[in-house]
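Novice: Predicted model and sequence follow; I will ask about them next.
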Amino acid sequence: MKNFITLYYFLISEKNIYLFFYFDKEYILYCSQARTADQTMKLQQLRFLSAIAKHNLNISAAAEHLYTSQPGISKQVKLLEEELGVELFTRSGKHLTQITPAGLAVISKANLILKEVANIKRQAEEFRDEHKGTLDIATTHTQARYMLPAVIAEFRRQYPDVLLHLHQGTPRLISEMAVSGEVEFAVATEAIASYADLVMMPCYCWNRCVVVPPGHPLASAGQLSIRELAEYPIVTYVKGLTGRANMDAAFAEAGLKPNLVFTATDADVIKTYVRLGLGVGVIARMAYVADQDSDLVKVDAGHLFAPSITKIAFRRGTYLRGYMYRFMELFASHLDRDRVDAAASSANQDEVDKLFDQVGLPDY
């Protein structure tokens, strides 16, 4: 004859669960520590951890980013620490001062979990409606102003129900946004190659031109030399932006020091100050628009500097929806689905680069 369990009663207090039952001819009282809702690990707690780390331990900034309150984040972090039995942060008063070794390990795992949660949501959305969703793109001013408008216009025509968010920033910032999963794509030239967590694919090559007011000596000087350019005050991009490294390298290789008098992140700002007479402008060729910049003379400088390559990048392991593939192909026609899938499944960036060794990139 089989034994049966008969539960006579149960009681849940603030700290314990009590079960009183009859089993195998014996009355048994069982006590277990209760786990309240606040003691159960939540995805939201992992989001809080990740946001705190991304915002340099600034809980206020993390709360603002997540549209929640600072006390709420602090409470959830403490509850998670209590559940795990370890401190994730060291503190000085109410301020977080450092991530502990345990915290680093937990946050690393939390970021992986959050990435998979995002992938699950994207996959479900793809089955629900492959033409609806959101697409977050981070890029620099030059890309947003001169290269992306036509691409986005065509993408919107094909996918009117996909909501686009365009985030502008420095190459380093937009790369970090892609690594963290805040955006699906990063489009940039500088800094993007520094992140091993990103799959980076080349889109096009580009070079530079010099812009000067009419009547300037360089406007009619024929083919420009690096030595001639070094004789004039220069207005150009800030370090770390829009291929500035290649310009600096060209001057250094010639044993020359450029006379930089003004730098900016925005080609339109550079052109404005060239018009004011501060110096000659060195900008991306794509940033000279003939019908808008007819009051400036464009002098080709592509022979002076090594070409730069703009890349599009996404985080390794990202689930790519159908419209994401289409966006990449609209931006760079050689990025068809098969080639993107091959890049995504590559073990490292060297393997990705080999896929594009024989691909002729457009030149701007």
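Specialist: Yep, that arrived. Not measured: the values here are computed from a predicted model. Numbers count the residues shown, from 1 in each chain.
Novice: and the nearest residue to Leu80 once chain neighbours are set aside, what element?
Specialist: Leaving aside its chain neighbours, Leu80 sits nearest to Gln45 (4.6 Å; criterion: Cβ to Cβ, 6 or more residues apart in numbering). Backbone N, C-alpha and C define where each C-beta goes, glycine included. Per DSSP states H and E, Gln45 falls inside helix 43-54.
Novice: Any idea how far that helix is from the middle of the chain?
Specialist: Put simply, helix 43-54 sits 17 Å off its chain's centre (Cα atoms, centre = their mean, to the nearest Å).
Novice: Next secondary structure after that helix?
Specialist: On the C-terminal side of helix 43-54, the closest following helix or strand by DSSP H and E is helix 59-66.
Novice: so for that following helix, what's the average pLDDT?
Specialist: Mean pLDDT, computed over helix 59-66, is 88.
Novice: next one: stretch 275-283
Specialist: 95.
Novice: Next: stretch 158-175.
Specialist: For stretch 158-175, the per-residue pLDDT averages 91.
Novice: quick revisit: got a pLDDT number for the residue nearest to Leu80?
Specialist: The model reports Gln45 with a pLDDT of 87.
Novice: Kindly provide the distance from it to Leu104.
Specialist: Gln45 sits 16 Å away from Leu104, going by Cβ to Cβ, to the nearest Å.
Novice: Pick out whichever of those two has more residues nearby.
Specialist: Gln45 (20 against 13; other Cβ atoms under 10 Å).
Novice: quick one: the more buried one from Glu154, how far?
Specialist: From Gln45 over to Glu154 the distance is 41 Å, taken as Cβ to Cβ.
Novice: Thought Arg122 was touching Lys132, still the case?
Specialist: No. Checked against Cβ atoms under 8 Å, the pair Lys132 and Arg122 is beyond contact range at 11.7 Å.
Novice: Strands along the stretch 101-250 of the chain, start to end?
Specialist: Counting by DSSP state E, counting those that start in this stretch, the stretch 101-250 of the chain has these strands, from start to end: 133-139, 162-168, 185-188, 198-206, 208-212, 233-237.
Novice: Strand partners (parallel or antiparallel) of the second one?
Specialist: Meaning strand 162-168. With DSSP bridges as the test, strand 162-168 is paired with strand 133-139 (parallel).
Novice: Which residues does Phe89 form beta bridges with?
Specialist: Here Phe89, judged by DSSP bridges, has bridge partners Ile99.
Novice: Check the gap between it and Gln44 for me.
Specialist: In terms of Cβ to Cβ, Phe89 sits 17 Å off from Gln44.
Novice: burial count for Val179?
Specialist: Neighbours of Val179 under the rule other Cβ under 10 Å: 20.
Novice: Quick one: the helices in the stretch 151-300 of the chain, in order.
Specialist: For the stretch 151-300 of the chain, applying DSSP state H, counting those that start in this stretch gives helices covering 171-180, 226-230, 244-253, 267-275.
Novice: just these: most buried one?
Specialist: helix 171-180 (a mean of 21; mean count of other Cβ atoms under 10 Å).
Novice: about what we covered before: output the contacting helices and strands for the helix holding Gln45.
Specialist: Packing partners of helix 43-54 (3 or more Cβ pairs under 8 Å, 6 or more residues apart in numbering; DSSP states H and E): helix 59-66, helix 70-84, helix 101-128, helix 171-180.
Novice: between the first one and helix 70-84, how big is the angle?
Specialist: I take that to be helix 59-66. Orientation note: helix 59-66 sits at an angle of 100 degrees relative to helix 70-84 (axes from the mean of the first three to the mean of the last three Cα atoms, to 10 degrees).
Novice: now the nearest residue to Tyr323 once chain neighbours are set aside: how far from Asp363?
Specialist: By the measure of Cβ to Cβ, 6+ apart, the closest residue to Tyr323 outside its immediate chain neighbours is Tyr159, 4.9 Å from it. For Tyr159, the distance to Asp363 (Cβ to Cβ) stands at 29 Å.
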